[in-house]
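> 3D model of this:
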Amino acid sequence: MPVLNRIADYQSDLTAWRRHLHQIPELDLDCFKTAAFVVEKLKEFGVTDIHEGIATSGVVALIHGNEPGGTIGLRADMDALPMDEKSGVDYASTIPGAMHACGHDGHTTMLLGAARYLAETRNFAGTVALIFQPAEEGAGGGRIMVEEGMMERFGIDEVYSLHNAPGTPLGEIHVAPGPVMAAVDTFWIDITGVGGHGAAPEETKDPIMTAVATVQALQTIVSRNAPALHQVVLTVTQIHSGSGTNIVPDTAQIVGTVRTFDPGMRDMVQERLTTIAQHQAQVFDMRAEVTYERGYPATINDPAKTAHAIKVAQDVVGSERVDGATQPRMFAEDFSYMLEARPGSYVFLGMGDRPQCHHPAYDFDDQISPIGASYFARLVEMTLPLAKDR
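Presented below is the predicted three-dimensional model:
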């Protein structure tokens, strides 16, 4: 079965909704205008079981099928990124310093398209919980929704989501069992020395020298401690120190990110990074303070639910356009918290050759909205089939 004909008929509406949302990007937990738009549309579709204010501005709406059964959760993120838009489109962001540069406007639109179809047809046995989540990009809205008891409150048995994928052929769906996105951690190393005049460095304890040696030594964590078949990324992204051309500073700071899939590798990197930073400082007769902040865990797909997601994807786009063994990506996702709470699967929907997510010229491709909406809708119908269809 290709894209559902009824959803294909929504194309102009889906495009209009998405471009409206694109113009009003909101950050973190403060997705109130987006949530209000979502609620307005859901009510237009005849959805009455709507719950607002979850994780500050999140929305969960329930649509009940024509027969009793279990409950499946479908999640879309709503928040934008704190950056200025340079896409040049005539529906660009109207909010300075905020932009939908990751396609969450498209994700929200696709789930709304599925909601409209499911509310019309109710061709399933059980309940679908439509999860519109804020704060994927930073504050971890997915974690907050789980901690607030969303899964238990709405009786969600399994949960699914998707993400647009620039660089993947248009309309293809890629997925794999097991880890598909990495855990993300952030570290800060604050080095304290003794400042002084640049003309008399022998009277100082130069933290810049320690910072340089530390950055070099950190590269051995992956090359000499992580087995070659384990994917680990450690990237130093910032070094801050100094204020003048003739001043040896008192302090230096190193900042970076760590990406892992395996919990053991995550522990190893934290331990080695702390040891290296502190001992390198001692070598130079200084001290280093390490702050290591663990962020989102790895996004790990349940094997059985992913096998089911592959069948649904094949139903929608054809088996030749589904890759069921895609390589994991080193990006991170707070849908990982939902997958820790309930089994499910996270897929990537190809968007062709376009600027990557988080690029100022990024723009979601409205051609894929009916595909994503159909995938969501068929997930419900194939997971919760009516008695006659079993």
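
> check which helix or strand covers T237.
Mapping T237 onto the secondary structure by DSSP states H and E places it in strand 232-241.

> no wait, A213
helix 207-218.

> which residues are contacting that helix?
When contacts are defined by Cβ atoms under 8 Å, 6 or more residues apart in numbering, helix 207-218 is touched by residues 189, 191-193, 234, 236, 239, 241-242, 248-254, 256, 273, 276-277, 280-281, 283-284, 286, 288. Yep, even glycine has a C-beta here, placed from its N, CA and C like the rest.

> what sits against the residue positioned nearest the centre of the chain?
The centre of the chain sits closest to E333, judged by Cα atoms, centre = their mean, with a distance of 3.1 Å. By Cβ under 8 Å, 6+ apart, E333 lies in contact with 136, 163, 181, 296, 299, 346.

> list just the nearest of those residues to G69.
Closest approach between the contacts of E333 and G69, by Cβ to Cβ: Y346, at 23.1 Å.

> so that closest one is in contact with D302, correct?
No - at 10.0 Å, Y346 does not count as touching D302 under the criterion of Cβ atoms under 8 Å.

> spit out the residues that contact these two alike.
Common neighbours of Y346 and D302 (Cβ under 8 Å, 6+ apart) are L339.

> neighbour count winner among the two?
A count of neighbours by other Cβ atoms under 10 Å puts Y346 above the other of Y346 and D302, at 25 against 18.

> which phi and psi does that one have?
phi -130, psi 120 (degrees, to the nearest 10).

> which one is it nearest to, not counting chain neighbours?
Nearest non-adjacent residue to Y346, counting by Cβ to Cβ, 6 or more residues apart in numbering: S161, 5.2 Å away.

> and the one you found, what pLDDT?
Here, the pLDDT recorded for S161 equals 98.

> what's the neighbour count on the closest residue to Y10 other than its chain neighbours?
Distances taken as Cβ to Cβ, 6+ apart put G113 closest to Y10, at 5.4 Å, once the chain neighbours are dropped. For G113, the neighbour count with other Cβ under 10 Å is 29.

> what comes up buried for the helix or strand in which G113 is found?
Using DSSP H and E, G113 maps to helix 104-121. Applying a neighbour-count criterion of 16 or more other Cβ atoms under 10 Å, the buried positions in helix 104-121 are 104-119, 121.

> that helix - contacts with which helices or strands?
helix 5-8, helix 11-23, helix 32-44, strand 58-64, strand 67-77, strand 125-133, strand 158-165, helix 369-383 (3 or more Cβ pairs under 8 Å, 6 or more residues apart in numbering; DSSP states H and E).

> name the helices or strands packed onto the helix or strand that the strand holding T237 is followed by?
Later in the chain than strand 232-241, the nearest helix or strand by DSSP H and E is strand 247-248. Helices and strands touching strand 247-248, by 3+ Cβ pairs under 8 Å, 6+ apart, are strand 196-197.

> what pairs with the strand it packs on, and is each one parallel or antiparallel?
strand 247-248 (antiparallel) (DSSP bridges).

> from the chain's centroid, how far away is the partner strand?
With Cα atoms, centre = their mean, to the nearest Å as the basis, strand 247-248 stands 42 Å off its chain's centre.

> so after that strand, what's the next helix or strand?
strand 251-260.

> the helices and strands packed on helix 104-121: which one's closest to M83?
Per Cβ to Cβ, nearest to M83 of the helices and strands packed on helix 104-121: helix 11-23, 13.7 Å.

> what's the angle between the closest one and helix 104-121?
With axes from the mean of the first three to the mean of the last three Cα atoms, to 10 degrees applied, the angle from helix 11-23 to helix 104-121 works out at 140 degrees.

> what's the burial count for V212?
15.

> model confidence over stretch 23-34, on average?
98.

> buried residues of that stretch, list them for me.
23-29, 31, 34.

> now do it: distance to the chain's middle.
16 Å.

> can I get that stretch in CSV, CA atoms only?
Extracted as CSV, the C-alpha positions of stretch 23-34 are listed here (Å, rounded to 0.1, in the frame of the first residue of the first chain):
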residue,chain,number,x,y,z
GLN,A,23,7.1,31.3,11.2
ILE,A,24,6.5,31.1,14.9
PRO,A,25,9.4,29.0,16.3
GLU,A,26,9.5,28.6,20.1
LEU,A,27,12.3,27.4,22.3
ASP,A,28,12.7,24.8,25.0
LEU,A,29,9.6,24.2,27.2
ASP,A,30,7.9,27.5,26.1
CYS,A,31,6.0,26.0,23.1
PHE,A,32,2.7,27.6,24.1
LYS,A,33,1.7,29.0,20.7
THR,A,34,2.6,25.8,18.9
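
> bridging residues for M181?
Applying DSSP bridges, one finds that M181 bridges with T299, R329.

> what score does it have for pLDDT?
98.

> that one and E148: what is the separation?
23 Å (Cβ to Cβ, to the nearest Å).

> neighbour-wise, which of those two wins?
Using other Cβ under 10 Å, the more surrounded residue of M181 and E148 is M181, with 24 against 15.

> ok, now how distant is that one from A98?
Applying Cβ to Cβ, the value for M181 to A98 is 24 Å.

> does the residue nearest to the centre of the chain sit in a helix, a strand or a coil?
coil (DSSP: H, G, I helix; E, B strand; the rest coil).

> picking up where we left off before, the inter-axis angle of the helix holding G113 versus strand 158-165?
Going by the same axes, to 10 degrees, helix 104-121 makes 130 degrees with strand 158-165.

> can you count the residues close to E152?
If we define neighbours as other Cβ under 10 Å, then E152 has 10 of them.

> buried residues, the strand or helix carrying it. List them.
Under the criterion of DSSP H and E, E152 resides in helix 150-153. Of the residues in helix 150-153, 150-151 count as buried by neighbour count, 16+ other Cβ under 10 Å.

> what sits up against it?
Helix 150-153 is contacted from outside by 54, 60, 73, 131, 156, 159, 338, 341-342, using Cβ under 8 Å, 6+ apart.
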